[in-house]
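Participant: A predicted structure for the sequence below; I have some questions about it.
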Amino acid sequence: MEEGTCSALLNLCLGKWQWELHQRHQHLLREYTAAGRDAAPLAEAAAKVVAAALHQKEQQQATAAGSTLGRMALDTGGLEGLPPQMVCHVEKHVELLLAEKLKDEAWLNSLVGDMPPKGQQQQSSSLLALLDCVVSLVLGDWKAAGKQLDEQLYLQLARVAGIQGDPDKAFDYAKQLVATWKQGGPKAAKLVPRLRDFQPALVGYALTGQAHKAQEVVDMMLEVCSQDLTEAEFALWLEAIANGGSYEQLSKALQLLSGELNELRNPTLSLVEQFFRSERAAAALAAGGPLASLGKLTWQQVWVMPSEDGFIQEAGARLQLTDLSGEDWDAFAQQVRSLAEQQEKHTGKFAGFCSWLDRKGPYNVMIDGANVALWGENYDGGIFRPEKIKVAYDAVREQHADAKILLVLHAGRHHSIRQHNPELFDWLEGLQKQGGYYVTPGGSNDDWYWMYATVHARENGLLMSNDLLRDHVWNLLRPKHMLKWTQRHIVRYSFNYEKTEIRLQHPLPYTPCVQQLVDDVWLLPSADREGQWLCCKPV
């Protein structure tokens, strides 16, 4: 069998349908069968999930608004009453593969002509029998040809193992991929491990409550994957803990999650609530437990809203302000610089700015001049209004009297001001002589200049802009840096109707992220309930 045919065959069985949902469906089928329960309602439940997912997809196509995660996740509203294992984080191209709905099954049967006879398929669905046959064909042919599996095939084999209810085998395939990749060689580029290679095992461990094994999977993902963990991976880890983990395991997961994500969707938060309602959570407070010294008996979960300064009445404490670590700052600055230099039309221009910044900086407040001049001008007759830049600059100077301010503007805008607003241009020239104004060259994207200058200032840098930074989020390799940076380092603004006065909105005095306060009180911000946090505290 040819390499492309092997991969295409497995992709046809799994890739066209949402494999995680099918893995969960098969898991529930096994549970129902073992308990002698009628499994027919599961097909109806699965159909409801699919219908909800397809409806969500239609909504996504109708609007581009919302967060990245929101566009990729399933809205679980209206799915109450379904088995909780069926409602999962699923991607937007979701469909359920049931054996009777596999339209190409007859063609597949003819392609893999040595399918087991009908009588030998009674103990499993025709899909599982088909997958068994495909796997043995693939492995047999590749072994006979002396070929090396690539990441795509390791992934598909892991998915098959997951659907068959064998997360250990799925994890073994991921380990084999990592071991082969570490050996190097000419085909190493086709063996780079990705988060998806570990998800079949992680889903299986989540469903069966094997929290210690789920943690092994997460540890390996952190070690070998260049991608950051997303809420989907954390949700699976938390699901494993909710189904069979300890308080120590939950604490480790939440502490790691704190540095990765700003907020959590309600389905993920419900997994945390599920754990704190369990006997395992109460055991942490009992005699001999890790929190016995607190003298508490059980856990309480309530929804709270912090005050303007971050104080939580129910917790009796204030939310903390956290920022990127020194290592993260270095990595983030290097990523911004690398991407900026890659996109420059004229080599050396951005490097020249970096050298200038090393001599003149760091600056405390960067002003995105073009954004200020164009903000609120998206109407008939709206134009570039450079006079708003000085209004913004003066407001920043008034509120940050001792700050070093850097105004950044593109050369095209700079020349336009020189031609049409000589008075303002004189002011800009004076500012430039003082080192407070930088004109980005033609062929450059001024966004990278003010972003790098702000990151260069590390924890002391602020950016004044209403830019939503969507382009940057998609291009940066480490979006977790952007998430925390945008929360902590951007000053938003609004003008009055006459555009003569401006109101600045500074970042919150605390950081939206999972926080552990005194006496092991946990605060978790919700992405679905604006301004609200889930508070889990011992009482």
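Facilitator: Structure received.

Participant: All the strands of the protein, in order from the start?
Facilitator: 299-304, 311-312, 317-318, 365-368, 405-410, 437-440, 462-464, 490-495, 502-505, 515-517, 521-525, 533-538 (DSSP state E).

Participant: Export those strands as TSV, with columns for distance to residue 184, mean neighbour count and mean pLDDT.
Facilitator: To be clear about C-beta, it is placed using only N, CA and C from the backbone, and glycine gets the same treatment. Converted to TSV, the strands of the chain look like this (distance: least, CB to CB, whole Å; neighbours: other CB atoms under 10 Å; pLDDT from 0 to 100):
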stretch	distance to residue 184	mean neighbour count	mean pLDDT
strand 299-304	49	15	96
strand 311-312	51	17	94
strand 317-318	50	16	94
strand 365-368	43	27	97
strand 405-410	43	24	97
strand 437-440	42	22	96
strand 462-464	42	25	97
strand 490-495	42	18	95
strand 502-505	51	14	95
strand 515-517	41	18	95
strand 521-525	42	22	97
strand 533-538	45	22	97
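
Participant: now for those strands, which one comes closest to residue 174?
Facilitator: Evaluated with CB to CB, the strands of the chain place strand 521-525 nearest to residue 174, the distance being 29.0 Å.

Participant: what are the pairing partners of that closest one, and which direction each?
Facilitator: Within its sheet, strand 521-525 is paired with strand 515-517 (antiparallel), strand 533-538 (antiparallel), according to DSSP bridges.

Participant: Would you pull up how far the longest one lies from the middle of the chain?
Facilitator: Offset of strand 533-538 from its chain centre (CA atoms, centre = their mean, to the nearest Å): 23 Å.

Participant: now the angle from it to strand 299-304?
Facilitator: 160 degrees (axes from the mean of the first three to the mean of the last three CA atoms, to 10 degrees).

Participant: Contacts for strand 533-538 next, please.
Facilitator: For strand 533-538, contacts defined as CB atoms under 8 Å, 6 or more residues apart in numbering pick out 269, 272-273, 276, 285, 291, 294, 296-306, 312, 314-315, 519-526.

Participant: Tabulate the strands of the chain in CSV, adding columns for distance to residue 431.
Facilitator: Below are the strands of the chain laid out as CSV (distance: least, CB to CB, whole Å):
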stretch, distance to residue 431
strand 299-304, 45
strand 311-312, 40
strand 317-318, 39
strand 365-368, 11
strand 405-410, 6
strand 437-440, 4
strand 462-464, 15
strand 490-495, 19
strand 502-505, 18
strand 515-517, 40
strand 521-525, 39
strand 533-538, 42
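
Participant: Looking at those strands, which is nearest to residue 171?
Facilitator: strand 521-525 (28.3 Å).

Participant: And the helices in the stretch 101-250 of the chain?
Facilitator: Counting by DSSP state H, counting those that start in this stretch, the stretch 101-250 of the chain has helices at residues 105-111, 126-145, 151-163, 167-182, 199-208, 211-224, 231-244, 247-258.

Participant: do you know which of those helices lies nearest residue 30?
Facilitator: Going by CB to CB, the one of the helices of the stretch 101-250 of the chain nearest residue 30 is helix 199-208, 9.9 Å.

Participant: Off-centre distance for the closest one?
Facilitator: So, by CA atoms, centre = their mean, the centroid of helix 199-208 is 19 Å from its chain's centroid.

Participant: Please apply the same query to stretch 329-337.
Facilitator: 19 Å.

Participant: who touches that stretch?
Facilitator: Residues contacting stretch 329-337 (CB under 8 Å, 6+ apart): 324, 350, 354, 448, 451-452, 455-456, 458-459, 476-478, 481, 485.

Participant: cool, and stretch 414-429?
Facilitator: Applying CB under 8 Å, 6+ apart, the set of residues contacting stretch 414-429 is 384, 386-387, 389-390, 407, 409, 437, 439.

Participant: Out of these, which two sit at the greatest distance?
Facilitator: Farthest-apart pair in the contacts of stretch 414-429 is 387 and 439; separation 18.0 Å (CB to CB).

Participant: Can you name the residues that contact the nearest residue to residue 167 once chain neighbours are set aside?
Facilitator: Excluding its sequence neighbours, the residue lying closest to residue 167 (CB to CB, 6 or more residues apart in numbering) is residue 204, at 2.6 Å. Residue 204 makes contact with 23, 27, 162, 165-167, 170, 210, according to CB under 8 Å, 6+ apart.

Participant: who's in contact with the closest residue to residue 246 other than its chain neighbours?
Facilitator: Leaving out its chain neighbours, the residue that sits closest to residue 246 by CB to CB, 6+ apart is residue 280, at 6.0 Å. For residue 280, the contact set (CB under 8 Å, 6+ apart) comprises 245-247.

Participant: Equivalent analysis for residue 207, please.
Facilitator: 23-24, 27, 85, 239, 243.

Participant: Are any of those residues buried, and if so which?
Facilitator: Among these, those buried by neighbour count (16 or more other CB atoms under 10 Å) are 23-24, 27, 85, 239, 243.

Participant: can you tell me how far residue 289 sits from residue 487?
Facilitator: Per CB to CB, to the nearest Å, residue 289 is found 34 Å from residue 487.

Participant: Residue 408 now?
Facilitator: According to CB to CB, residue 408 stands 22 Å off from residue 487.

Participant: neighbours around the nearest residue to residue 284 once chain neighbours are set aside, how many?
Facilitator: Spatially, and ignoring its direct neighbours in sequence, residue 284 is nearest to residue 247 (3.6 Å; CB to CB, 6+ apart). Neighbour count of residue 247, defined by other CB atoms under 10 Å: 22.

Participant: Verify the contact between residue 247 and residue 290 for me.
Facilitator: Yes - between residue 247 and residue 290 there is a contact under CB atoms under 8 Å: 6.2 Å.

Participant: Any idea how many residues pack against residue 182?
Facilitator: By the criterion of other CB under 10 Å, residue 182 has 11 neighbours.

Participant: what about it, distance to residue 270?
Facilitator: Noted for residue 182: a distance of 38 Å to residue 270, by CB to CB.

Participant: Check residue 441 too.
Facilitator: 51 Å.

Participant: Residue 189 too?
Facilitator: Distance from residue 189 to residue 270, by CB to CB: 40 Å.

Participant: May I ask which helix or strand of the chain has the lowest mean pLDDT?
Facilitator: The element with the least model confidence among the helices and strands of the chain, by mean pLDDT, DSSP states H and E, is helix 68-72, at a mean of 38.

Participant: OK, contacts around the nearest residue to residue 404 once chain neighbours are set aside?
Facilitator: The spatially closest residue to residue 404, leaving aside those adjacent along the chain, is residue 363, at 4.5 Å (CB to CB, 6+ apart). By CB under 8 Å, 6+ apart, the contact list for residue 363 reads 403-406, 453, 457, 461.

Participant: make it 6 Å
Facilitator: The contact partners of residue 363, by CB atoms under 6 Å, 6 or more residues apart in numbering, come to 404, 406, 453, 457.

Participant: Not counting sequence-adjacent ones, nearest residue to the second one?
Facilitator: Using CB to CB, 6+ apart and skipping residues adjacent in sequence, the residue nearest residue 406 is residue 363, 4.1 Å away.
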